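J.: Based on what follows, work out the 3D shape:
(one chain, ligands or ions: 2)
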Amino acid sequence: MKRFIIGIGGVTNGGKSTLSRSLQGILPNSCIISQDSFFKDDSVVLTDSRGFKQYDTLDALHMDRMMSEICSWQQDPQDFMLPKAKCFTSEGTKVFFLIVEGFLIFNYGPLNMLFDKRYFLQIPYETCKLRRSSRVYMPQDPIGYFDGHVWPMYLKNRKKMEDMVHDIVFLDGTQKREVLLTTVYKDIQLMLESLQN
Ligand SMILES: Nc1ncnc2c1ncn2[C@@H]1O[C@H](COP(=O)(O)OP(=O)(O)O)[C@@H](O)[C@H]1O
Ligand SMILES: NC(=O)c1ccc[n+]([C@@H]2O[C@H](COP(=O)(O)O)[C@@H](O)[C@H]2O)c1
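T.: Ligands and ions are numbered 1, 2, ... in the order given. Just a heads-up that it's a prediction; the model follows:
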């Protein structure tokens, strides 16, 4: 049995969930774990002096719980998939993929070291601000949150990531969904072929 962990990171609204779901549809025996599912309760997320909740940091996430879930997959990918309706299974293949997607997946060392491939979706400031403005989070973004917290934290976290991690494939998230999917799918196929040789 072979196991691969694919990381789909990137800026908020860069298209991580969209790409991950499409990839899961074409990769056999694949599952998705989303970092978004591990945010701490609002009551324990710190607030800065301007009243902005500090959501865009690792401290706002239960990374220990996320790591436990990934560990369960590593122990038995077949078993991990079965109870989950979102998982796609294909008979005969002994290759399993875990797609881990999220905005800070490469910033957390213990998680970053697990990836076989790392992709990072980037989009320009204006595109990001526009996409984010039509998305509703719980709690909702207060006025000024994007410019006051989200974008500056993205720049800060990205700098830290680039200082720490070097084998990331950067993707232009303004490309068409199909183009992004084909690019990543082909790259994964190349990785699999290189491992067979
Ligand atoms: N390649 C793309 N081109 C244009 N819009 C996209 C693309 N990928 C995703 N979107 C849109 O951008 C928004 C954010 O996508 P999503 O996948 O939820 O991002 P993320 O998971 O990175 O926050 C959604 O409205 C989605 O439909
Ligand atoms: N899911 C939540 O509980 C929650 C709450 C508030 C903000 N957020 C936002 O989620 C973003 C990260 O997720 P995306 O990459 O999917 O946009 C962060 O920029 C953060 O501000 C999420």
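J.: What backbone torsions are found at the nearest residue to Pro77 once chain neighbours are set aside?
T.: With Cβ to Cβ, 6 or more residues apart in numbering as the criterion, Pro77 has its nearest non-adjacent residue at 3.8 Å, and that residue is Phe96. Every residue, glycine included, has its C-beta placed from N, CA and C. Note on Phe96: backbone dihedrals following degrees, to the nearest 10 are phi -120, psi 140.
J.: measure stretch 143-157 end to end?
T.: Terminal residues of stretch 143-157 lie 22 Å apart, using Cα to Cα, to the nearest Å.
J.: Please renumber the chain so that the first residue is 56 from this point on.
T.: OK, 56 is where the count begins now, so the last one is stretch 198-212.
J.: what's that stretch in contact with?
T.: 66-67, 103, 105, 107-112, 158-159, 162, 180, 183-184, 187-188, 196 (Cβ atoms under 8 Å, 6 or more residues apart in numbering).
J.: do that stretch and ligand 1 meet?
T.: No - figure legend: stretch 198-212 not in contact with ligand 1 (Cβ under 6 Å from any ligand atom); closest approach 11.2 Å.
J.: Does stretch 121-135 reach ligand 2?
T.: No - for stretch 121-135, no contact with ligand 2 is found by Cβ under 6 Å from any ligand atom; the gap never falls below 13.0 Å.
J.: Would you confirm that Phe225 belongs to a strand?
T.: Yes - Phe225: assigned to a strand according to DSSP: H, G, I helix; E, B strand; the rest coil.
J.: quick one: contacts for it?
T.: 174-175, 177.
J.: for Cys183, same thing?
T.: Here Cys183 is in contact with 66-69, 201, 206, 209 (Cβ under 8 Å, 6+ apart).
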